[in-house]
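J.: Predicted coordinates and the sequence they were generated for:
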Amino acid sequence: MAHILGKLSRRCGLVGGAAAVCFTFAASPLQAQVQRGDEPRYAPSGELLLPNGFETWVFVGSNLGLSYTPEAAAAASAPPPRGGRQQFHNVSINKAAYDYFLANDRFPEGTILVMQVFEAADKEPKGVLASGVFNGRRVGLEVAVKNASRPDGKTTPWAYYNFTDPSDRSKVLASAAAFPDEACANCHQRHASIDNVWVQFYPALRDKAP
């Protein structure tokens, strides 16, 4: 969510479509902070359901064309860095988690970060652009979730998901299985600046962090 989230570039396997069911956290003051309708929801299979209303969440930052260093790529079991077409990675966080982070300098259970990936377009219908690029077609959507009580049986608090439809990258899946820890979580734990989150890349969080 990068990977994300700051994502820096790694794609793993996907699992699509599942029936919807809401996941409810055990009550606690910490978890209560995210009970506003934007908490993570899971299918009976344990797959994460596509978050509701993420388009209106708090935008925290964007990057264009980041890729892993060889060392970071090895830590994430990712391919070595290579040149490619630049893409915008726009990252948003659910409002309850954002508010909690500002007040407590940490991310609560139920934090969700969504990274939307857009082509870096340089042509538009009216032909008014002389230079530069803008967010064109969306070609990917990835999600990071903090949940120590994951219903898929894994115990790693942070999990990472790819909702990009492999048959049409402009579309998204209804649900997705988590990446293996070695593909994402381990690298985030080692290199992200605060609690597995690439706060160093997100001004809306970085400028508020202690």
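T.: Yep, it's here.
J.: Can you verify my assumption that A121 contacts V133?
T.: Yes: between A121 and V133 there is a contact under CB atoms under 8 Å: 6.3 Å. C-betas here are computed from N, CA, C, even on glycine.
J.: Is it correct that E55 falls within a helix?
T.: Yes: counting by DSSP: H, G, I helix; E, B strand; the rest coil, E55 is part of a helix.
J.: count of neighbours near it?
T.: Applying other CB atoms under 10 Å, we find 9 residues neighbouring E55.
J.: Could you do A159 as well?
T.: A159 has 21 neighbours, counted by other CB under 10 Å.
J.: That one and D168: what is the separation?
T.: 25 Å (CB to CB, to the nearest Å).
J.: what do you get for E71?
T.: 34 Å.
J.: same question, N162
T.: 14 Å.
J.: Which one's more surrounded, the two?
T.: Set side by side, N162 and D168 show more neighbours around N162, with 28 against 9, by other CB under 10 Å.
J.: what about the closest residue to the more buried one other than its chain neighbours, which helix or strand?
T.: Leaving out its chain neighbours, the residue that sits closest to N162 by CB to CB, 6 or more residues apart in numbering is E142, at 5.1 Å. Assigned by DSSP states H and E, E142 falls within strand 134-146.
J.: Where do the strands of this protein begin and end?
T.: Listed in chain order, the strands of the chain (DSSP state E) span 48-49, 58-64, 87-93, 112-121, 134-146, 158-162, 175-176.
J.: Just say which of these is most tucked in.
T.: Of all the strands of the chain, strand 158-162 has the most neighbours on average by mean count of other CB atoms under 10 Å, namely a mean of 27.
J.: can you state the direction angle for it and strand 134-146?
T.: With axes from the mean of the first three to the mean of the last three CA atoms, to 10 degrees defining the directions, strand 158-162 sits at 140 degrees from strand 134-146.
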